[in-house]
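Participant: Give me a model of this one.
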Amino acid sequence: MSDKKIDILYVDDEENNLISFKATFRLKYNVMIAVSADAAMKILESKPVEIIITDQRMPNMTGIEFLEKVIEKYPDPVRILLTGYADMNAVIDAVNKGKIYHYLSKPWSEQELEETIKKAFEVYQANKEIKEMNSKLAVSNDQLEFLLRQKLLS
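Facilitator: Numbering: from 1, shown residues only. The predicted structure is shown next:
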């Protein structure tokens, strides 16, 4: 892993959770915090992130609804859902539909969250490498097709 800090966006309507998260992880990661889904979307418009961690229970929009909105514009960040409520049907639905990488319950354990962030970043990097290889493959296929057409025309 390079020296670049992982960019993490943490979304929670409870300011104490935001302060606690930032205090815990600010030295290891580049932490951005948002008190609402709307504030989080504004951050995403200005700065790409690798990992998004969101609370499930928030006013105006649940964490899952926020992540559904995020995935339309920003499919690359790995998504983690935190919830202190027994909203398991929504969590299971989100996991099954592939919208979130991992689910953690509140209050979160620093060690468990740290391990989840590291694994999520590995997934982010692997997905990025796959995209890069696929685009190189597409270019190679286009070049091959061009050469074959030239041969056929000559």
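
Participant: Helices along the chain, start to end?
Facilitator: Residue ranges of the helices in the chain, as given by DSSP state H, are 15-25, 37-46, 63-73, 88-96, 110-153.

Participant: Give me the contact list for the fourth one.
Facilitator: For helix 88-96, contacts defined as CB atoms under 8 Å, 6 or more residues apart in numbering pick out 56, 62, 64, 67, 81, 83, 100, 103. Where you see a C-beta, it was placed from the backbone N, CA and C, and this is true even at glycine.

Participant: quick one on the thing from earlier: out of the helices of the chain, deepest packed?
Facilitator: Comparing these by mean neighbour count (mean count of other CB atoms under 10 Å), helix 63-73 comes out on top with a mean of 18.

Participant: Render the CA-only coordinates of that one in CSV, please.
Facilitator: Extracted in CSV, the C-alpha atoms of helix 63-73 (Å, rounded to 0.1, in the frame of the first residue of the first chain):
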residue,chain,number,x,y,z
GLY,A,63,-28.4,5.0,4.9
ILE,A,64,-29.5,2.5,2.3
GLU,A,65,-31.5,5.1,0.4
PHE,A,66,-28.4,7.4,0.5
LEU,A,67,-26.2,4.6,-0.8
GLU,A,68,-28.7,3.8,-3.6
LYS,A,69,-28.4,7.5,-4.7
VAL,A,70,-24.6,7.4,-4.4
ILE,A,71,-24.2,4.2,-6.5
GLU,A,72,-26.0,5.9,-9.5
LYS,A,73,-23.3,8.7,-9.7
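
Participant: got the angle for it vs helix 37-46?
Facilitator: Helix 63-73 and helix 37-46 meet at an angle of 20 degrees, taking axes from the mean of the first three to the mean of the last three CA atoms, to 10 degrees as the criterion.

Participant: returning to that earlier point: by mean pLDDT, show me the worst of the helices of the chain.
Facilitator: The weakest mean pLDDT among the helices of the chain belongs to helix 88-96, with a mean of 74.

Participant: So what's the gap between it and the chain middle?
Facilitator: The chain centre lies 17 Å from the centre of helix 88-96; the measure is CA atoms, centre = their mean, to the nearest Å.

Participant: so it versus helix 63-73, what angle?
Facilitator: Helix 88-96 runs at 20 degrees relative to helix 63-73, counting by the same axes, to 10 degrees.

Participant: Find the pair from the contacts of helix 88-96 with maximum spatial separation.
Facilitator: 62 and 103 (13.3 Å; CB to CB).

Participant: out of these two, which sits in the busier spot?
Facilitator: Taking neighbours as other CB atoms under 10 Å, residue 62 and residue 103 compare with residue 62 leading, 20 against 16.

Participant: Alright, I will stop here.
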